[in-house]
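Undergrad: This is a predicted model, with the sequence first.
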Amino acid sequence: MKLLKTIFVTLLIVSCSNDSYISKPLSILVVGNSITKAEPGGEWLGNWGMAASHPELDFCGRLKNHFENSELDKLNIAVWENNLDYDLNQITPIITKSYDYIVFKLGENVSDNNRNRFKEDFRNMINHYKQSKSKIIIVSTVWNEYEFDLNGNPFVVESLKDKAMKEVAEEEDYVFVDISEMRNVSDYYAWNEYIDQAIASHPNDNGMLFIANKIIEKIEE
């Protein structure tokens with residue numbers, strides 16, 4: 001009987017602890033690209049994470065809804081990915097408050113030619129946005145990286161961009177979220193949902209949920 005009471009009390013404590021944590025309001029900033037927020041254009045009619053069917057179903061919406069009464073801001077800096085020398089001060093700032101977490105979900109648009117310099121540029125970009133009391137979360141990329149054999153056939157290689165971001169996370173004591181396992185799961189992408197392959201290559205609702213859950217796991221560790 002004492003054993004049953006002990007188990008019950010333990011489960012009750014764990015349950016209450018998890019519930020109180022999940023319901024704690026958080027202030028989150030997500031710095032990313034079109035996976036975070038994409039303006040309407042062409043076949044894409046939304047104004048949220050590209051290829052998600054609804055704003056609440058992209059990974060940002062799922063993060064916000066998971067942590068009840070939380071605030072979440074989004075910032076698309078794809079222009080920086082495409083030009084690592086871009087002056088980030090030219091992007092309208094939204095950091096006017098303190099954030100509990102700043103999530104960096106980008107890297108997909110960085111060209112192969114810039115992969116070797118990406119590490120330090122990425123570190124400097126984070127320094128531009130980070131706050132002293134914010135926890136930094138870095139999320140890996142959603143697409144494979146390729147090289148070509150002598151016959152011009154592509155083959156998958158280790159992601160140098162992910163490697164660089166992980167090294168920055170380790171060196172700066174940031175949190176790194178590895179989502180690379182989603183790359184080979186076609187059901188995580190909108191391949192059959194859009195004609196425009198630039199849109200279709202983005203995570204769909206399933207992929208967005210996968211990304212969100214991976215981030216949530218790290219926050220709740």
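TA: Everything's here; your move. The structure presented is a predicted model; accordingly, all values stated were derived computationally and were not measured.
Undergrad: residue contacts, the spatially closest residue to Ile35 that is not a sequence neighbour?
TA: Distances taken as C-beta to C-beta, 6 or more residues apart in numbering place Gly49 nearest to Ile35, at 5.6 Å, with adjacent residues excluded. Just so you know, the C-beta spots here come from the backbone N, C-alpha and C atoms, and that holds for glycine as well. Taking C-beta atoms under 8 Å, 6 or more residues apart in numbering, we find Gly49 in contact with 34-38, 55, 58-61, 202-203, 208.
Undergrad: go again using 6 Å as the cut-off
TA: Listed by C-beta atoms under 6 Å, 6 or more residues apart in numbering, the contact partners of Gly49 are Ile35, Thr36, Asp58.
Undergrad: Of those residues - the most surrounded one?
TA: In terms of neighbour count, Asp58 stands highest of the contacts of Gly49 at 32 neighbours, by other C-beta atoms under 10 Å.
Undergrad: right, and that residue touches Ala52 too?
TA: Yes. Using C-beta atoms under 6 Å, Asp58 is in contact with Ala52, at 3.7 Å.
Undergrad: quick revisit: so which of the contacts of Gly49 are in strands?
TA: Members of the contacts of Gly49 lying in strands (criterion: DSSP state E): none.
Undergrad: will you turn these into CSV that also has pLDDT and distance to Tyr101?
TA: Listed next are the contacts of Gly49 as CSV, based on pLDDT from 0 to 100; distance: C-beta to C-beta, whole Å:
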residue, pLDDT, distance to Tyr101
Ile35, 98, 17
Thr36, 98, 14
Asp58, 98, 17
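Undergrad: For Ser186, state which of the residues you listed is nearest.
TA: Ile35 (16.9 Å; C-beta to C-beta).
Undergrad: Identify all contacting residues around stretch 62-73.
TA: By C-beta under 6 Å, 6+ apart, the residues outside stretch 62-73 that reach it are Ser23, Pro25, Leu26, Ser27, Ile28, Leu29, Cys60, Ile94, Ala212, Ile216.
Undergrad: let's see it at 8 Å
TA: Residues contacting stretch 62-73 (C-beta under 8 Å, 6+ apart): 22-30, 56, 60, 94, 99, 103, 208-209, 212-213, 215-216, 219.
Undergrad: Mind checking which of the residues you listed land in strands?
TA: Short answer: the contacts of stretch 62-73 in strands (DSSP E) are Ser27, Ile28, Leu29, Val30, Val103.
Undergrad: Please report how far Thr92 lies from Asp73.
TA: Taking C-beta to C-beta, to the nearest Å as the criterion, Thr92 is separated from Asp73 by 12 Å.
Undergrad: got a pLDDT number for Leu11?
TA: Reading off the confidence values, Leu11 has pLDDT 41.
Undergrad: So what's the residue count around the closest residue to Met50 other than its chain neighbours?
TA: Excluding its sequence neighbours, the residue lying closest to Met50 (C-beta to C-beta, 6+ apart) is Ala38, at 3.9 Å. Neighbours of Ala38 under the rule other C-beta under 10 Å: 22.
Undergrad: What of Ala200?
TA: Based on other C-beta under 10 Å, the number of other residues close to Ala200 is 17.
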